[in-house]
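Engineer: One predicted model, sequence on top.
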Amino acid sequence: MKMANISTSIIVVVLFWGLAVGTRTKLFTDEDRVAVSALASSDTDGICASMVLAQGYPCEEHTVTTEDGYVLSMQRIPAGKSRETSGNKIPVLLQHGLLMDGITWLLLPPDQALAFLLVDNGYEVWIANTRGTQYSLGHTSLTPDDPAFWEWSWDELVAYDLPATYQYVYNQAGQKIHYVGHSLGTLIALGAFSKDQLVNMLRSAVLLSPIAHVGQMTSPLARAAAENYLAEALYEAGYREFNPRLEAIVKFLNASCAKSGVDCTNLLTSFTGQNCCLNPSIVQVFLAHEPQASATKNMIHISQMIRDGKVAMFDYIDKDENQKHYGQDIPPEYKMASIPHDLPLFLSYGGADALSDVQDVKLLLNSLKDHDGDKLVVQYRDDYAHADFVMGETAKKDVYDPLLAFFRLQ
């Protein structure tokens, strides 16, 4: 219990102290901001250079521009270490979750990380990075210092980011794609599918730690933040960027985790739930790259969902503003039951997950009760929490091998 309290305190410091000392000046000089915006198109820096090429795999940096002007970084891993690119390889698009980026899929060693496992099994892998993350800070007219750059929630990821990345991969590959999302990456996919969007470019979708309803979320930090309107307070105070990554704190945590006898997997517990299968060394790999920034408005939107229990668009609270944006007094809901019943889906969730709570997942599954029986695969891991699905050393055997078997049937 003492360690849990210490973990909670440290994570609160990481999330909120960095916000209190300034917006972007804590991380970037003016020159740094220009350089970071260019990283997505650089062949000498970025995710390919830092995480993929170093492991002996080929990798290409790509960019895609959304309809509302955001320049997103994407990585293509066309083959395994053999670099054999012949044949008509089926593309797989990987979409990370909240406060993460595409490195999510590369944190584990190559024989365990999903991105590498997919290419070693003959797939062509594309890694997405949503707006606001380190390598997706570009825009056609704005900079990250402009408050308007951060005026978005996950509604805009549904409306702009996801369609742009889908269309780009579809055009590049010339065929339908498989999709894998984790956490928020599942929510934005479900939002799009519920509007019958993107499904014409899709072979199947895998949803790890699926997020739709979050009204019964048990994460003490997430729930406390929502119930105390912390994101709203930050927005009112002028903080449009929610950036939990303060370099000094990350260095402190890295040094602490390196000490003998310290199990830093506890750092994640009070946010994600008790993960069963993390090697303690993975936390230092995680801290070297994550967490990533998001928009404060996005955090408000998720807080609204926790409080209201609805899967709805952003609530401007003011009826006139809602009318202006939606043509009605209250925000429209995303209807999960409207997801096409013949869309092949693979859902994997965990009994210890404090963010994708079992009761909330059951609400989602109830919405899918009319889904074609041969098109819906549901996997339940009683011991898994939120991070186990992307950082667990047993994820290959427990989740990724069944995932690959699912793909082969589509």
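Structural biologist: Nice, I can see it.
Engineer: Now the helix or strand encompassing Gln172: buried residues?
Structural biologist: Assessed by DSSP states H and E, Gln172 sits inside helix 162-173. Across helix 162-173, burial judged by 16 or more other C-beta atoms under 10 Å covers Leu162, Pro163, Ala164, Thr165, Tyr166, Tyr168, Val169, Tyr170, Gln172, Ala173. (Each C-beta comes from the backbone N, C-alpha and C, glycine too.)
Engineer: wait, doesn't the first one sit right on Ile188?
Structural biologist: Yes. With contact defined as C-beta atoms under 8 Å, Leu162 and Ile188 form a contacting pair (5.4 Å).
Engineer: quick one: common contacting residues for those two?
Structural biologist: Shared contacts of Leu162 and Ile188, defined by C-beta atoms under 8 Å, 6 or more residues apart in numbering, comprise Gln95.
Engineer: Name the SS class of Val377, please.
Structural biologist: strand (DSSP: H, G, I helix; E, B strand; the rest coil).
Engineer: residues in contact with it?
Structural biologist: Applying C-beta under 8 Å, 6+ apart, we find Val377 in contact with Leu345, Phe346, Leu347, Pro402, Phe406.
Engineer: Could you turn the buried ones of those into a ChimeraX selection?
Structural biologist: Filtering the contacts of Val377 down to the buried ones (16+ other C-beta under 10 Å) takes a single ChimeraX command:
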select :345,346,347,406
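Engineer: Please narrow the contacts of Val377 to those residing in helices.
Structural biologist: Among those, the members found in helices (DSSP state H) are Pro402, Phe406.
Engineer: Where does the prediction get shaky in this structure?
Structural biologist: The model of the chain has pLDDT under 70 over residues 1-44, 83, 85-86, 246-250, 252-254, 256, 259-264.
Engineer: Next, name the residue at the spatial heart of it.
Structural biologist: Centre of the chain computed as the mean C-alpha position; nearest residue by C-alpha atoms, centre = their mean is Gly97, 1.2 Å away.
Engineer: residues in contact with that one?
Structural biologist: Thr104, Gly181, His182, Ser183, Leu184, Gly185, Thr186, Ser209, Ile211, Val390.
Engineer: Please apply the same query to Ile177.
Structural biologist: Contacts here follow C-beta under 8 Å, 6+ apart; on that basis Ile177 touches Ile90, Pro91, Val92, Leu93, Trp126, Tyr166, Val169, Tyr170, Met201, Leu202, Arg203.
Engineer: what about the closest residue to it other than its chain neighbours, distance to Glu124?
Structural biologist: Leaving out its chain neighbours, the residue that sits closest to Ile177 by C-beta to C-beta, 6 or more residues apart in numbering is Pro91, at 4.6 Å. Distance, Pro91 to Glu124, using C-beta to C-beta, to the nearest Å: 5 Å.
Engineer: before we move on, what about Gln172?
Structural biologist: 9 Å.
Engineer: Kindly report the same for Gln134.
Structural biologist: Distance of Gln134 to Glu124, given as C-beta to C-beta: 24 Å.
Engineer: related to what we said a few turns ago, find residues that contact each of Pro91 and Glu124.
Structural biologist: Ala173.
Engineer: now the strands for the chain?
Structural biologist: With DSSP state E as the criterion, the chain has strands at 60-65, 70-77, 91-95, 124-128, 138-139, 177-182, 202-208, 241-242, 294-295, 345-350, 376-381.
Engineer: who are the neighbours of the fifth one, in terms of helices and strands?
Structural biologist: For strand 138-139, the helices and strands in contact under the criterion 3 or more C-beta pairs under 8 Å, 6 or more residues apart in numbering; DSSP states H and E are strand 70-77.
Engineer: angle of the strand it packs on against strand 60-65?
Structural biologist: Angle between the axes of strand 70-77 and strand 60-65 is 150 degrees (criterion: axes from the mean of the first three to the mean of the last three C-alpha atoms, to 10 degrees).
Engineer: Which strands border strand 70-77, and is each parallel or antiparallel?
Structural biologist: Sheet pairing of strand 70-77 (DSSP bridges) gives strand 60-65 (antiparallel), strand 124-128 (antiparallel), strand 138-139 (antiparallel).
Engineer: Deepest-packed of these, please.
Structural biologist: Of all the strands paired with strand 70-77, strand 124-128 carries the top mean neighbour count, a mean of 27, counting by mean count of other C-beta atoms under 10 Å.
Engineer: now the angle from it to strand 177-182?
Structural biologist: For strand 124-128 against strand 177-182, the angle by the same axes, to 10 degrees is 50 degrees.
Engineer: export strand 124-128 as CSV, just CAs?
Structural biologist: Taking Å, rounded to 0.1, in the frame of the first residue of the first chain, the C-alpha atoms of strand 124-128 are listed here in CSV:
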residue,chain,number,x,y,z
GLU,A,124,3.5,-4.6,-44.3
VAL,A,125,3.3,-2.4,-41.2
TRP,A,126,2.2,1.3,-41.0
ILE,A,127,2.5,3.1,-37.7
ALA,A,128,0.4,6.2,-37.1
